[in-house]
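Asker: what follows is a predicted protein model with its sequence.
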Amino acid sequence: MDDLIYDTQPQASHFVDGAYLEDTDGIPIDVIYPATGEVIGRVHAATDEVIDKAIESGRRAQAEWAAMSPRERGRVLTRAAQIMRERNRPLSILETQDTGKPLQETLVADATSGADALEYFGGIAAGLTGEHIPLGADWAYTIREPLGLCVGIGAWNYPTQIACWKAAPALACGNAMIFKPSETTPLSALKVAEILHEAGLPSGLFNVVQGAGEVGGRLTTDPRVDKVSLTGSVPTGRKVYAAAADGLKHVTMELGGKSPILIFDDADLEDAVGGAIMGNFYSSGQICSNGTRVFVQKGLKDRFVARMEERLKGAVIGDPLNEATNFGPLVSARQMEIVEGYLKAGVAEGARLVTGGERLDRDGFWITPALFDGVTDEMSIAREEIFGPVLSVLEFETEEEGIARANATEYGLSAGVFTRDISRAHRVIGKLEAGTCFINSYNDAPVEMPFGGVKMSGVGRENAKAALEHYSQLKSVYVRMGRVEAPF
Ligand code: NAD
């Protein structure tokens, strides 16, 4: 499979009812390679006809899929996981072209993570059961049933991973899914659909339709849809949650963050710096769970900043398709402008730009990794999600102060603690308001561990057994063994 290279111009815009589908009446969407700004493909947003076909085929296929044994469903997913692993390199190259993320990253964090999800939920499918509930002479039982037709809406930072993290538990539980990738990165989800069908997924169960928010909105509000799972920003999350509420649909919301990392004086300096690099500069900082507020205790702060500055010199910025590159461009011109705006705001509000934050004089959307020191809680760079390579260092003195300041945000996706004191590590994590936490590490996302946020960062969990709760519902059945007593 290593010689397989995918064309960046897909066969057609959509994948519906087991086959590629085109409708050039839809609004054209250019696919841009972020490293050069070149147009490398074009798709069309879904028209009403395409959406209707996706919904109708999804509903039809779901009824048959739900009637299959969970083990048979699981086998399709594990087969897809295997194909995905075999094609990791061509899938990674395509992901790099779609997102600009370095191949060094996409080879280990995208299709591989998608395959992990397919394998995990494929394996767990056969274990999906209800409960027996003894009630004396009578008894009850529960049946775990699918929700029906689910819609997945993705962000642009991890297109393959997001498609698989949503599709795998949905399909394992007996649902169908229509997936709408971000309009910025439309390519990889089509390959996920190809692979699932090659693995034996019946037609209609995983449909991919393209388009921007408007298409997402039409899917969310359609009464034939039972659930919406969104990965995106908080403003979009509010809109999608509200629209889904109108139809009383189930939701999973994986939204933004402004997560804290607390680094105590006794932390291992190299690990803390490494963790903060993973939590700020991987994928050029375009990760929802990033620990962008790095609180460093006073005794270690200056050494931390000096060592971070030194290690940032190790960033290899260049052609993302060269495996030696470890830092790529931002995904789009718009994202680059947003990041530049925050860099200016940081300086204007009085933070010290230690290094980076420069726009490179070349085509594409390049900004070097930026390190700010002397950041205070009120600055916009400490309050708002930037979604770019901008690390803010904030100094703190006591544990209580660190925790209180870390929690002083509307977000609650992730949090990390670096310390050698194990009691403190668990005590602090216990008090941090975040859904996904790390001790002496940052940004690990194995499929076995639930992932998601609290507060404005989200509703529900992806991955692990927790995700099954969000793609299935219980039917309770009371069984009377004796006579029915009625008052008249
Ligand atoms: P976005 O909110 O702009 O878009 C996300 C998706 O929602 C896109 O597919 C978009 O087309 C769609 N959309 C927009 N408006 C819609 C509407 N009214 N109805 C239905 N769908 C609509 O986000 P983005 O810029 O693509 O991604 C970046 C954001 O995503 C960041 O805030 C980041 O933190 C978040 N994110 C969260 C996670 C997580 O798991 N928590 C993961 C990755 C990214």
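Answerer: Now that the structure is in, tell me what you want to look at. Residues are numbered from 1 along each chain as shown.

Asker: how about residue 258, nearest residue that isn't a chain neighbour?
Answerer: Leaving out its chain neighbours, the residue that sits closest to residue 258 by C-beta to C-beta, 6 or more residues apart in numbering is residue 411, at 4.7 Å. Where you see a C-beta, it was placed from the backbone N, CA and C, and this is true even at glycine.

Asker: wait, that neighbour sits on residue 458?
Answerer: No - counting by C-beta atoms under 8 Å, residue 411 sits too far from residue 458 to count as a contact (9.4 Å).

Asker: out of these two, which sits in the busier spot?
Answerer: Using other C-beta atoms under 10 Å, the more surrounded residue of residue 411 and residue 458 is residue 458, with 29 against 25.

Asker: quickly list what the more buried one is bridged to.
Answerer: The partner list for residue 458 in beta bridges (DSSP bridges) reads residue 254.

Asker: which SS class is the closest residue to residue 217 other than its chain neighbours?
Answerer: Distance criterion C-beta to C-beta, 6+ apart; nearest residue to residue 217, sequence neighbours excluded, is residue 243 at 6.5 Å. Put simply, residue 243 is helix when judged by DSSP: H, G, I helix; E, B strand; the rest coil.

Asker: residues contacting residue 243?
Answerer: By C-beta atoms under 8 Å, 6 or more residues apart in numbering, the contact set of residue 243 is 217, 220-221.

Asker: what's the answer for residue 9, then?
Answerer: Here residue 9 is in contact with 40-42 (C-beta under 8 Å, 6+ apart).

Asker: just those residues now: which is nearest residue 360?
Answerer: residue 40 (20.1 Å; C-beta to C-beta).

Asker: mind checking pLDDT for the nearest residue to the closest one once chain neighbours are set aside?
Answerer: Sequence neighbours aside, residue 8 is the residue nearest to residue 40 in space, at 4.1 Å (criterion: C-beta to C-beta, 6+ apart). Looking at residue 8, its pLDDT reads 97.

Asker: equivalent analysis for residue 470, please.
Answerer: Model confidence at residue 470, expressed as pLDDT, equals 98.

Asker: near it, how many other residues are there?
Answerer: The number of residues packed near residue 470 is 23, by other C-beta under 10 Å.

Asker: coming back round to it: what about the ligand: which of the contacts of residue 243 touch it?
Answerer: The subset of these within reach of the ligand, by C-beta under 6 Å from any ligand atom, is 217, 220.

Asker: most neighbours, which of the contacts of residue 243?
Answerer: residue 220 (24 neighbours).

Asker: distance from the helix or strand hosting that one to the middle of the chain?
Answerer: Using DSSP states H and E, residue 220 maps to helix 213-221. Put simply, helix 213-221 sits 19 Å off its chain's centre (C-alpha atoms, centre = their mean, to the nearest Å).

Asker: whichever helix or strand comes after it vs helix 213-221, what angle?
Answerer: Scanning forward in sequence from helix 213-221 by DSSP H and E, the next helix or strand is strand 227-231. On the basis of axes from the mean of the first three to the mean of the last three C-alpha atoms, to 10 degrees, strand 227-231 is oriented at 150 degrees to helix 213-221.

Asker: shouldn't residue 83 be in contact with residue 197?
Answerer: No - Residue 83 is beyond contact range of residue 197, at 10.4 Å (criterion: C-beta under 8 Å).

Asker: buried stuff in the longest helix along the chain?
Answerer: What stands out as the longest helix in the chain, according to DSSP state H, is helix 48-67. When neighbours are counted by 16 or more other C-beta atoms under 10 Å, the buried residues of helix 48-67 are found to be 50-51, 53-55, 57-62, 65-66.
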